[in-house]
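[1] Would you be able to build a 3D model of this:
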Amino acid sequence: MAGTSSFSEGSSVFGGSANLVTAIDTMFTVYKPEVIAVHTTCLSETIGDDLTQIVSKANEDGLIPDGKQVIYCNTPSYVGTHVTGYSNQVAAFVKFFSEATPKKRNVINIIAGWMEPSDMREIKRLTKVMEARTILFPDMTDVLDAPLDGHYKMYPTGGTKISDMKLTGDSKFTLGLGHSCTEDACIKLENKCKVKFEMLDIPIGFKATDRFLMSLSRHANLPIPDSLSDERGRLIDLISDSSKYLYGKRVAVWGDPDTLIPLTEFLVSMDMKPVYVVTGTASKVFDARMKEILKDIPEAKFKNGELADMFQMHQWIKQEGVDLLIGNTYGKYISRDENTPFVRFGFPVADRPGHNYFAKTGYEGGANLVKQIMDAFLDHIDRTCLEEKFEFQL
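    Numbers count the residues shown, from 1 in each chain. The predicted structure follows:
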């Protein structure tokens, strides 16, 4: 469920406190949620609305029922990107929910970065195969991809339970997946509850997945089962079978820094050449990792921050073309203009249904991505090749 600030001219002058208090009262009275999460908009931030004061006043006036909770964070639209807002909200989960007791539990927290619910589902599957006790948060599985079963539910049954969120303060360790989205939450959890953490890439591609599983194995004190080694072997076999189409291909990629880092590494590990990499989110980690990953591709260019946009990407491609585009929906315009194969990747994909059901994380997600890349290449070859080259075989 989502509410709106519904600012009028009066609210724009005098502030949104009355709107928020009314919304809190209405939502608890009519819809009866356990938690209301509030995040600010650019107008409320510009006015200077004080969320702490407003929520405290609502509580003092008895508008927040016993056992219910209002959590909040600041997300002005003119600071950073959606990644910044996501990071702030995840850190707010730790601030308002995580609790520490003297007894630590043999549980590993996994803080998920900005990814599809299918990616989160695959991460949960990997931990289940390893028989590791984990708490994943945020968890959008069975929320953004809830099944259609013919029964109305006001609230989906999926997601992270509040009781589990509170227990994150007693976990023995935390794995943060993606620096830009989860590092602030990891630091806050360590400072608040003394839970140590390790930062990892989102497990996209076999190298990042290797690191994730080895870290989980080390901190949970569990072996990596043979079944996951077999999944890895099947991914490597698929890459090997596809190598004559992948080797040396120039690729342009764009999106969020936490997904671009492991994606670029995966492309390089398949002997492809990600020559242009762009993210609109400023990140020092992104710069450092790109220098490391692309060190053997001298023609590679990468950029992050406000001036790193699709116009910049298109200019680079105009100067020297690429064989493949990988990124979110906005790349379709470049794909059409340049007649270049295009693989949709990222969260969300706005112009094609179904992407939220097919993971890109883990070894099986890596295989899904290789299949998409191969389909894009071979479809393009079929469309553009001479008649005598239009064959029925690889």
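[2] Pull the number of nearby residues for residue 336.
    Residue 336 has 10 neighbours, counted by other Cβ atoms under 10 Å. In short, each C-beta sits where N, CA and C put it, glycine included.
[3] does it count as helix, strand or coil?
    Assigned by DSSP: H, G, I helix; E, B strand; the rest coil, the conformation of residue 336 is helix.
[4] show me what contacts residue 344?
    327, 328, 329, 331, 351, 352, 355, 372 (Cβ atoms under 8 Å, 6 or more residues apart in numbering).
[5] Now it: phi and psi?
    Residue 344 adopts backbone torsions of phi -80, psi 130, taken as degrees, to the nearest 10.
[6] Quick check: bridge partners of it?
    Per DSSP bridges, the residues bridged to residue 344 are residue 327.
[7] residues in contact with stretch 364-382?
    In contact with stretch 364-382 (Cβ under 8 Å, 6+ apart) are residues 118-119, 122, 203-206, 209, 231, 234-235, 238-239, 242, 245-246, 249, 266, 270, 323-324, 326, 340-345, 358-360, 389-390, 394.
[8] what does stretch 138-151 give?
    Contact partners of stretch 138-151, identified using Cβ under 8 Å, 6+ apart, comprise 90, 93, 112, 117-118, 120-121, 124, 153, 156-160, 356-357.
[9] switch the cut-off to 6 Å
    112, 117, 120, 121, 156, 157, 158, 159, 160, 356 (Cβ atoms under 6 Å, 6 or more residues apart in numbering).
[10] Take that stretch, keep the C-alpha atoms, and write them as CSV.
    Extracted C-alpha coordinates of stretch 138-151, given in CSV (Å, rounded to 0.1, in the frame of the first residue of the first chain):
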residue,chain,number,x,y,z
PRO,A,138,14.5,-6.1,2.3
ASP,A,139,12.7,-9.1,0.7
MET,A,140,10.3,-8.4,-2.2
THR,A,141,9.5,-12.0,-3.0
ASP,A,142,5.8,-12.9,-2.8
VAL,A,143,5.2,-9.1,-2.7
LEU,A,144,6.1,-7.7,-6.1
ASP,A,145,5.7,-11.2,-7.6
ALA,A,146,2.9,-12.5,-5.5
PRO,A,147,0.9,-15.4,-7.1
LEU,A,148,-2.6,-14.8,-8.5
ASP,A,149,-4.6,-17.4,-6.6
GLY,A,150,-8.1,-16.0,-6.8
HIS,A,151,-8.2,-14.9,-3.2
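[11] Can you list the buried residues in stretch 40-57?
    For stretch 40-57, the neighbour count (16 or more other Cβ atoms under 10 Å) marks 40, 41, 43, 44, 45, 47, 49, 51, 54, 55 as buried.
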